[in-house]
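# what would the 3D arrangement of this be:
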Amino acid sequence: MKKWTLRTDFGEYAISFTADERDVIKAGSEALKLLQQTRTRSWELWMAVGTALLLLRDKVLKATGSPRPIGKTYNSVLSELLSRFDLVMDGGTRTRLFDLLEHRLEVEKWRDILTPDQARTFTHPNSVWRGRAARMPTASRGKATAPGVQAFHRPGSSEDQPRRER
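Modelled structure (predicted):
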């Protein structure tokens, strides 16, 4: 087990990784590099990146004692790990990738019904999120979803809030 000690403005944090965990992180890092350097369109590569990100997020939550993935300490430690493992990416894309992974089964069901051309179009986390949301609106908007497929959105999002009268 390899142990990393991270020093931030908020303290020192020890994080350990098994050989299998390091392999997952390495696969995610290589996948991200391929996606960035070759402009490859691959859902599978994005899932490898996402799996590595989830692993790092869980390690940071445990190391920092944060109950949720928010806050200066969490962000500082995660940022340091992402840099060390070459998993630095746009924050919006990373957030959307986390969202998709939380709903992976639903997203995979949706991707299964796409044509091959559509599947090639919907590979980047942002396009998958927008494409899936456009075709399967959330129940909170008053629109029905496809039978057997539950709509998804983040609890506490603006979709849960009543709209103001203008």
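# can you point out the buried residues in the one helix or strand Lys26 maps to?
Secondary structure assignment for Lys26, by DSSP states H and E: helix 19-38. Neighbour counts over helix 19-38 (16 or more other CB atoms under 10 Å) mark 21, 24-25, 28-29, 31-32, 35 as buried. All C-beta atoms are positioned from the backbone trio N, CA, C, and that covers glycine.
# how is the chain partitioned into domains?
What automatic domain parsing lists as the domains of the chain is 1-89, 90-153.
# mean pLDDT lowest for which of those?
Lowest mean pLDDT of the domains of the chain: domain 90-153, a mean of 77.
# for the helix holding Lys26, name the packing helices and strands.
helix 43-64 (3 or more CB pairs under 8 Å, 6 or more residues apart in numbering; DSSP states H and E).
# so what angle separates the directions of the helix it packs on and helix 19-38?
130 degrees (axes from the mean of the first three to the mean of the last three CA atoms, to 10 degrees).
# so after helix 43-64, what's the next helix or strand?
Next along from helix 43-64, by DSSP H and E: helix 72-84.
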